[in-house]
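Colleague: pasting the structure only:
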DNA sequence: TTGCTTGTTGAACGATCGTACAACAGCTGG
DNA sequence: CCAGCTGTTGTACGATCGTTCAACAAGCAA
């Protein structure tokens, strides 16, 4: 069943190194989303990509390096989606900030598959120092971009840091619950809650009473 | 090295079934925290508990059932810690709400080990339906308790649901980042951000301008 | 067409996984 | 002190894991 027709045509096709690497990375992401970190075996990834298990060792030297590169690739995809959302929002600073924040609730970010992939990476943070470092760098970059957008909306410099942290926390928490239990609340409600939070962060503090 | 002194004393001790089960569950939680879901093998858990691998099959029938019961046990511990924080806060409704929310940032909840354990459970949600169901039930219960505390603080009934969801999301996000990157912000700052969010949720909406 | 380069295969290896089970030994009632 | 009960052990088994590597064949140059 593995090699049915040895005479009916080419039993495999050669591919350009970059294309093959990308197809393996994408297959790894799909397996991580489908079966979690525990199910991301060399054989499962190779089968998902439609190639032989040995090819992963040939291109990445091992499954750990493939997972690491998949992490970087998925992170780059998320960053690109956020950038695209900001660019599509026009020139108004507050609209750009809103777009950046609410983009996490819509595809391709607000997806069960992406959450499963991300959880798989989180589950590796404990055991692998390189993954932990990769995560720290990515989150610092995410907060820095958010700080810049908040500053453009008039948030004071001394409040920027905590404003970015709390906003990130709220968005991540909403994203997490939205993906884990899609029936609990809607994407629109998530956006409304995030905007309400942004209102409180951007506007100057009101006096009590 | 495994059985050094067969004549110097008892090579093992018998334990009451409940005590042995509990020690295995606690060992499983430690292994999950230390090595993630992928490292929670029967042998690793048995070694952590100081018993033979076969004993896990004897008490739980398999490693899956042990992980499931460990999930329930850790969840019960978190609930108990939250209840204790609320009880210690006295009778003032707002103080009880604050205690419930900020308890997630201090031990035994706000701990790297507990986060690692929780991530291990999340990583099983995709592959195992029983774990997913367990998670849904637990989160619904968490939000229900939070809704009750919010109602005691005067939050309108029609705003309760989203108030509980957004508060849960913020707390979970802060808890997640606080455990993943402890150096990014402090427990006190997390509490301050959560209290600020609660102020916005409890107080009536202010008019713009 | 022929030969070469090399991307690709698939089997083989040792390690580790979860599970099963017969033998052992700590405890307790006699 | 002795026998029985049973909690506990540790090995054995098949499956699957990551990795390695000799052989194969697709595609290109001549």
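Modeller: Here it is on my side, so go on. Computed from a predicted model, the values in this text were never measured in an experiment. Numbering: from 1, shown residues only, chains lettered A, B, ... in the order given.

Colleague: which helix or which strand is home to residue A:120?
Modeller: For residue A:120, the host element (DSSP states H and E) is helix A:112-125.

Colleague: just the buried positions in stretch A:36-43, please.
Modeller: Residues A:36, A:37, A:38, A:39, A:40, A:42 are the ones in stretch A:36-43 that count as buried (16 or more other CB atoms under 10 Å in any protein chain shown). All C-beta spots, glycine's among them, are computed from the backbone N, C-alpha and C.

Colleague: quick one: contacts for the closest residue to the third one other than its chain neighbours?
Modeller: Think residue A:38. In space, and not counting its chain neighbours, residue A:38 is closest to residue B:38: 5.0 Å by CB to CB, 6 or more residues apart in numbering or on different chains. Going by CB atoms under 8 Å, 6 or more residues apart in numbering or on different chains, residue B:38 touches A:37, A:38, A:123, A:127.

Colleague: pick the one among the residues you listed closest to DNA strand C.
Modeller: residue A:38 (9.4 Å; CB to the nearest atom of the strand).

Colleague: quick revisit: any chance of the buried residues of stretch A:36-43 in CSV, plus pLDDT?
Modeller: Listed next are the buried residues of stretch A:36-43 as CSV, based on pLDDT from 0 to 100:
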residue, pLDDT
A:36, 88
A:37, 88
A:38, 89
A:39, 92
A:40, 95
A:42, 98
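
Colleague: which of those residues come close to DNA strand D?
Modeller: Checking the buried residues of stretch A:36-43 against DNA strand D by CB under 7 Å from any atom of the strand, the ones in range are A:39, A:40, A:42.

Colleague: can you tell me what sits against stretch A:130-148?
Modeller: By CB under 8 Å, 6+ apart, the list of residues contacting stretch A:130-148 reads A:67-68, A:71-72, A:75, A:79, A:82, A:100-101, A:121-122, A:124-126, A:160-161, A:163-165, A:167-168, B:177, B:180-181, B:184.

Colleague: quick check: mean pLDDT across it?
Modeller: Averaging pLDDT along stretch A:130-148 gives 92.

Colleague: now do the lowest-mean-pLDDT helix or strand in chain A against helix B:112-125, angle only.
Modeller: Sorting the helices and strands of chain A by mean pLDDT, DSSP states H and E puts helix A:112-125 at the bottom, at a mean of 87. Counting by axes from the mean of the first three to the mean of the last three CA atoms, to 10 degrees, helix A:112-125 lies at 140 degrees to helix B:112-125.

Colleague: which element follows helix A:112-125 toward the C-terminus?
Modeller: The element immediately downstream of helix A:112-125 (helix or strand, assigned by DSSP H and E) is helix A:129-152.

Colleague: would you mark the buried spots in that following helix?
Modeller: Applying 16+ other CB under 10 Å to helix A:129-152 flags A:131-132, A:134-135, A:138-139, A:142-143, A:145-147, A:149-151 as buried.

Colleague: what of stretch A:195-206?
Modeller: For stretch A:195-206, by 16+ other CB under 10 Å, it's A:196, A:197, A:198, A:200, A:201, A:202.
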